[in-house]
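Colleague: let me see the structure of the following:
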Amino acid sequence: SERGESRAGSAVYKNVPLASVFARLKLNKNVPEPFHYHLNLLTPESAFPENFKSLDPKKTTAYLQLFGKDFNRMVSSVNTGDFNCLFVHLLSLLERYTWCIPSNTMDEFPDISLYDHLRTTAAIAACMYQYHKTVHDFSAKAITNNQIEKFLLIVGDLSGIQNYIFDIANIGAGGVAKRLRARSFYLSALIDTISHRVVYECDLPLCNIIFSSGGKFYILIPNSPETRQKIAAIQVDLDKWLLKNFQGRIVCNLAQLPFRGADFGHFGQVMGKIAEKINDKKMQPLNCCLIKDGMWQQREFIVNRKDWREDSVLCLSCRKNPAETGRNGEERLCLQCRRDWEMGTKLANARYITFSNETQAGSNDIASYPLHGDYRVTILDKLPQNNLSCYLAVKLNDSDINDLVRYPATFKYIANYVPLAGEDICVQCAGCLDEKKPRPGELLYFDCMANRAGGHKLLGYLKADVDHLGS
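Modeller: Have a look, this model is predicted:
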C-alpha cells in the first residue's frame, strides 16, 4: 500500500493483511472477529479468508517480487503500442496479485483491496479527463472543483432472467442441463456486451464498469449532453432488439444519475437514488417501442409471423418460435433452442471466450454466437493458430493469461464444471445399455450419476437464494 509505508517509518505495513468485508456487518450482534486473506494469486480456493492477524514480511516481499517479475514479462511481450491491449493486461495483472493486498494499512479494518482502489481511481480519472475535454477546461481550479455534476452513474438491469432460463426446464425436448447452462451463459454474455458498448461509445476503458454481476451493472461516465444522448440511443436499440428476438421476455433497462465529486464521500446515497430511478424504469419495460406520444403502439404487442412458413410448427422446447427441421427430420427446435444446445455442449470444455463487434470469420471449429447489434461471443476449447478477431479475450478459470498477449485479455471464473467418467468401472445402468459407456474423461450420463447415489438411485438439485443480498 502506498499509504501504509509511513507507519513508524518502517516496514510494518508488510505485516497487515486484507480484512474480510464481513467483519463490518452487524446482525443485531457484536462485530465478529475479523478474518483475513493470505497473499495468494486469485483463485476460488484462495478467496476464502482465515482467522489470523499478521502476515510474514518475508513472504510479503517475495510476493511483491513475484509480481514484479510477472509485470516485466507482461510489458516485454504485450503490444505496448495498443493502449487498450496494454491497459486490460495491466488491469488483469493487478487483479491477479493485488486483490488480497489492503489499499490502506492504516485503517482499523483494512478491507478495501489495492486492486479495487487502483481500479476505481483509474475510472474516476478517465471520467474526469473526458469531462474536462468536453468543456475545454483543464485548469487546476476546474479540476479540483468537486461541486459540479461532472459524473454520470449508469445502471443497467436485465429483467426476466429466471423465467427465461427455466422456461425450458419442464418441456420434453431433451438436453435440458446443457440448455440451462447455455441460457445462463448467454444472458451473462449479453449483459457484458451491453456494458462494453456503453464504455466504448463513451471512449472509456473497461475499468469504468464499476460492477457487473447477476444481470446488473454500474458504469461511471462523464456527465455531458452527448453521453446522455448516447445512453438514450442505446436504450432504444436494446428495446427494439429485445422485443424482436425475445418478445418481451427479456428486458434491459438503463437509468442514469448525475452527481458531484463531493458525493463520492457518501456514495451510498447516490446508489439509493439511482435504485429508485431503475425501479421506475422497470415499471415501464420496452417503453421506447410500446409507447409513442403517450399512446400505446398496439401493433408492437403482436408477434409478427409474416416470415413463418405456412406449415410452421412451434418449437418443441420453448413453444415460442417456429421450429426448424432437423437433419433427421425429427428435431423440432427453433434456431435459439438449437443455439442453446450447441452452446451448452461447447461450454463444458470451454477454456476461452472472446467478444467482437464485427462479423467473425473462422474455421468450422469456432462457434460464434450473435448478441445484440453486431456484437458476438465466441466459445473456444483452445486457441486457433490464426489470429482472433476480437476486442476482448477472456481466459476461463485461470488467471495466467500469458498465452493471450496478442489480444486485449482478462480472466474470469465461471461455473462450467461437469462430472467426468473416471478410471473406475461404472455400475451398469440404463445410460449404458446402448453400449455407449462413457470413457475416462468423457461426460457422465445422468443415469451414471444417479447410480452413484448412496441411497435411492435418483438425481437431486439444490437451489439457494439470499433475500435482500443487494441491501
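
Colleague: what about Asn223, neighbour count?
Modeller: Residues contacting Asn223 under the criterion other Cβ atoms under 10 Å number 21. Placement of C-beta: from N, CA and C, glycine included.

Colleague: just His468 next, same as before
Modeller: 5.

Colleague: repeat for His456
Modeller: Neighbour count for His456, taken as other Cβ under 10 Å: 8.

Colleague: can you check Met271 too?
Modeller: Per other Cβ under 10 Å, the neighbour tally for Met271 reads 14.

Colleague: now do Phe71
Modeller: Counted with other Cβ under 10 Å, Phe71 comes out at 15.

Colleague: next one: Phe411
Modeller: Using other Cβ under 10 Å: Phe411 sits among 19 other residues.

Colleague: can I assume it is in contact with Arg96?
Modeller: Yes. Using Cβ atoms under 8 Å, Phe411 is in contact with Arg96, at 7.5 Å.

Colleague: show me the common contact partners of those two, please.
Modeller: Both Phe411 and Arg96 are in contact with 399-400, where contact means Cβ atoms under 8 Å, 6 or more residues apart in numbering.

Colleague: tell me the spacing between Ala23 and Pro408.
Modeller: 36 Å (Cβ to Cβ, to the nearest Å).

Colleague: tell me which of those two has more neighbours.
Modeller: Taking other Cβ under 10 Å, Ala23 and Pro408 do not tie; Pro408 has more neighbours (25 against 16).

Colleague: doesn't Ala393 make contact with that one?
Modeller: Yes. If you go by Cβ under 8 Å, Pro408 and Ala393 touch, sitting 6.9 Å apart.

Colleague: quick one: secondary structure of Val394?
Modeller: Following DSSP: H, G, I helix; E, B strand; the rest coil, we place Val394 in the strand state.

Colleague: ok, it - contacts?
Modeller: If you count contacts by Cβ under 8 Å, 6+ apart, Val394 has them with 352-355, 409-412.

Colleague: beta partners of Phe217?
Modeller: Phe217 forms beta bridges with Gly156, Ser212, as assigned by DSSP bridges.

Colleague: buried stuff in stretch 441-458?
Modeller: In terms of neighbour count (16 or more other Cβ atoms under 10 Å), stretch 441-458 has its buried residues at 444-445, 447-451.

Colleague: so, low pLDDT: which residues of the stretch 201-350 of the chain?
Modeller: Residue ranges of the stretch 201-350 of the chain with pLDDT under 70: 304-311, 325-331.

Colleague: can you give me the strands in the stretch 251-400 of the chain?
Modeller: Under the criterion DSSP state E, counting those that start in this stretch, strands of the stretch 251-400 of the chain are mapped to 251-259, 291-292, 295-296, 352-356, 367-370, 376-380, 392-396.

Colleague: in TSV: those, plus distance to Arg73.
Modeller: Output for the strands of the stretch 251-400 of the chain, formatted as TSV (distance: least, Cβ to Cβ, whole Å):
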stretch	distance to Arg73
strand 251-259	39
strand 291-292	55
strand 295-296	60
strand 352-356	20
strand 367-370	31
strand 376-380	23
strand 392-396	16
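
Colleague: report the two of the contacts of Val394 separated the most.
Modeller: Distance extremes for those: the farthest pair is Phe355 and Phe411 at 13.8 Å, using Cβ to Cβ.

Colleague: and stretch 453-464, C-alpha only, in CSV?
Modeller: Listed next in CSV are the C-alpha coordinates belonging to stretch 453-464 (Å, rounded to 0.1, in the frame of the first residue of the first chain):
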residue,chain,number,x,y,z
ALA,A,453,-26.0,-42.3,-5.0
GLY,A,454,-25.7,-43.9,-1.6
GLY,A,455,-29.5,-44.0,-1.1
HIS,A,456,-32.2,-44.0,-3.8
LYS,A,457,-30.8,-44.0,-7.3
LEU,A,458,-32.0,-40.6,-8.1
LEU,A,459,-30.7,-37.2,-9.1
GLY,A,460,-31.3,-34.1,-6.9
TYR,A,461,-30.6,-30.4,-7.1
LEU,A,462,-30.1,-27.6,-4.7
LYS,A,463,-31.2,-24.0,-5.5
ALA,A,464,-30.3,-21.3,-2.9
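
Colleague: quick one: contacts of that stretch?
Modeller: 429, 446, 449-451.

Colleague: nearest to Pro419, of those?
Modeller: Nearest to Pro419 out of the contacts of stretch 453-464 is Met449 (Cβ to Cβ; 6.1 Å).
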